[in-house]
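[1] got a structure for you, letters missing:
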């Protein structure tokens, strides 16, 4: 898998499922929706909310989105995050450079879904997520 850059949209009020299904209706393609319940929070009030949604369109677009996780505050203007995905080790270098002078929300480390993941806001206030695939 080559590295790619795509938008990642954070939704409030549990709107991720409806929004991602809407985008699928607009652009077509395959939509995968994973809930918080599927990833370790089966008994929580957020169990049916979307932890990660991904739409792969026939035109080659990738749109990702999720409901804000529990405890994460909505900040207007931070509803879209730039996401780097792939299996290329250069993503580690990108993350290290992006976090310089910025703020790290989560260091790049192994996650429950098996990949390495990290999140940071760069020194210009742009939010980034990096996901290094394990496969």
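    Alright, I've got the coordinates. Predicted model only: the values in this text are computed from it and were never measured.

[2] Do a quick rundown of the strands in the chain.
    Using DSSP state E, the strands assigned to the chain run over residues 4-11, 30-35, 50-56, 62-67, 80-86, 103-110, 116-121, 127-132.

[3] In its sheet, which strands sit next to the third one, and in what direction?
    Strand pairing for strand 50-56, using DSSP bridges, gives strand 30-35 (antiparallel), strand 62-67 (antiparallel).

[4] which other residues reach stretch 2-9?
    With CB atoms under 8 Å, 6 or more residues apart in numbering as the test, stretch 2-9 has contacts from 19, 61-66, 79-86, 88, 90-91, 129. Quick note: C-beta positions are derived from backbone N, CA and C, even for glycine.

[5] hmm, try it at 6 Å
    In this structure, residues lying in contact with stretch 2-9 by CB atoms under 6 Å, 6 or more residues apart in numbering are 62, 64-65, 80-81, 83-86, 88, 129.

[6] and the longest helix seen in the chain, what does it pack onto?
    Determined from DSSP state H, the single longest helix within the chain is helix 16-27. Applying 3 or more CB pairs under 6 Å, 6 or more residues apart in numbering; DSSP states H and E, one finds that helix 16-27 makes contact with strand 50-56, strand 62-67.

[7] can you tell me how far residue 50 sits from residue 103?
    25 Å (CB to CB, to the nearest Å).

[8] Of these two, which one has the most company?
    In this view residue 50 and residue 103 are compared by other CB atoms under 10 Å, and residue 50 has more residues nearby, 22 against 12.

[9] what sits against the more buried one?
    Applying CB under 6 Å, 6+ apart to residue 50 gives the contacts 16-17, 33, 66-67.

[10] do the same with residue 10
    Listed by CB under 6 Å, 6+ apart, the contact set of residue 10 reads 68, 79.
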